[in-house]
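Enquirer: sharing a sequence plus its predicted fold:
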Amino acid sequence: MTAHRNFKQRVRARAAKTGESYTSALRHFRPTPTGEDMPETLRIAVAQTTVHEDPTNPTLLRQSGTEVRRLMREAAAAGARLVHFTEGAICFPSKRVMSSLGPDEVGPSDWTKADWTVLQDEVDQIVALSRELRIWTVLPTVHQLPDARPHNSMYVVSDQGKLVARYDERMLSTTKVTWMYTPGRDPVTFEVDGYRFGLALGLDVIFPEVFTEYDRLGTDGVLVSYCSNGVNRNEHIGIQARGIAAINTSWISLAVPANPGAGLDAGVINPRGEWAVQGPSDNTPAVVVTDVDRADISETGRSFRQRTRERVGS
């Protein structure tokens, strides 16, 4: 988006003028709370939840919302400042349930079948609880558009109960882009207590360029929401996420469903590509917490990558 391009140009201009690295120049533009000491670490929580696939069923939507709010309370009780949920946390609409030709034949999704009223009510309750608990919440959900297919999105809700950012999945699968969703266009970042995070959703996780872009934007971590519902043996997603963390010396939070067949648990990966914490291996719905520490991020590595990219013009 234009705002991101203009912002990056301002950072690069400062770096060129002062001789700073891109990352050092970026920190000059980061706002800091007036009169407050910035915390050295940030406690975050990542959840693995039950994922339902029928947005026409209000009972299932209510069940998902109830589970999300229960895990939000657990995260807040554990001292987390931010809680991160999987793709499909409220609902991961099935291509067959939504098909206008289905369920036996996949075709263009008929989104008028979705119970948008109940879905919005569940989101509203989650927003209100974020304010009550004073916790930031990153919640993937379907974002309705007036004259087009919806986005597959991630909402960022502040600890004041405000929707402060929305990310729309960009690297849509063939099914999603052909029959179901409108793709997103831009990276999105937000800050909590001086820590900057990027957002990635669905198949974004297998495209390294998504994370290279966030590296250039100076993020301390990327929150990745990925749904493995109905897919077995997804161990490679965890391996790829660990590689991304190590290559970009970045924290990665990976939120996935409580899907016993996937071979994949929710967790947080440190900038060395190691699991800092993982959800229960029996794939029960749960939330786990860890402290993110910027000291573990190699500024030397980031500066080197930035100088090299600028030298080769990439």
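Expert: Happy to help now that I have it.

Enquirer: all strands for the stretch 201-314 of the chain, in order.
Expert: Assigned by DSSP state E, counting those that start in this stretch, the strands in the stretch 201-314 of the chain fall at 221-225, 251-255, 267-269, 275-278, 286-293.

Enquirer: surely Gly279 touches Gly267?
Expert: Yes. When contacts are counted by C-beta atoms under 8 Å, Gly279 is listed as touching Gly267 (6.1 Å). (Glycine included, C-beta is placed from N, CA and C.)

Enquirer: element containing Pro183, please.
Expert: Assigned by DSSP states H and E, Pro183 belongs to no helix or strand.

Enquirer: against Ser253, how distant is it?
Expert: From Pro183 over to Ser253 the distance is 23 Å, taken as C-beta to C-beta, to the nearest Å.

Enquirer: these two: who's more crowded?
Expert: Between Pro183 and Ser253, counting by other C-beta atoms under 10 Å, Ser253 is the more crowded of the two (29 against 14).

Enquirer: kindly state the beta-bridge partners for that one.
Expert: Leu223, Val268 (DSSP bridges).

Enquirer: distance to Glu213 and mean pLDDT added to the strands of the stretch 201-314 of the chain, as TSV?
Expert: What follows is the strands of the stretch 201-314 of the chain, written out as TSV (distance: least, C-beta to C-beta, whole Å; pLDDT from 0 to 100):
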stretch	distance to Glu213	mean pLDDT
strand 221-225	10	98
strand 251-255	14	98
strand 267-269	18	98
strand 275-278	23	97
strand 286-293	20	97
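
Enquirer: closest to Ala45 out of the ones you listed?
Expert: Nearest of those to Ala45, taken as C-beta to C-beta: strand 286-293 at 4.5 Å.

Enquirer: now that closest one against strand 221-225, angle please.
Expert: Orientation of strand 286-293 against strand 221-225 (axes from the mean of the first three to the mean of the last three C-alpha atoms, to 10 degrees) gives an angle of 160 degrees.

Enquirer: and strand 286-293, which strands flank it?
Expert: Going by DSSP bridges, the partners of strand 286-293 are strand 41-48 (antiparallel).

Enquirer: pull the strand it pairs with out as CSV, backbone CA atoms only.
Expert: Provided in CSV are the C-alpha atoms of strand 41-48 (Å, rounded to 0.1, in the frame of the first residue of the first chain):
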residue,chain,number,x,y,z
THR,A,41,10.5,-8.9,26.9
LEU,A,42,7.0,-9.4,25.8
ARG,A,43,4.9,-12.4,26.9
ILE,A,44,2.8,-13.8,24.0
ALA,A,45,0.4,-16.7,23.9
VAL,A,46,-0.4,-19.0,20.9
ALA,A,47,-3.5,-21.2,20.8
GLN,A,48,-4.5,-24.4,19.1
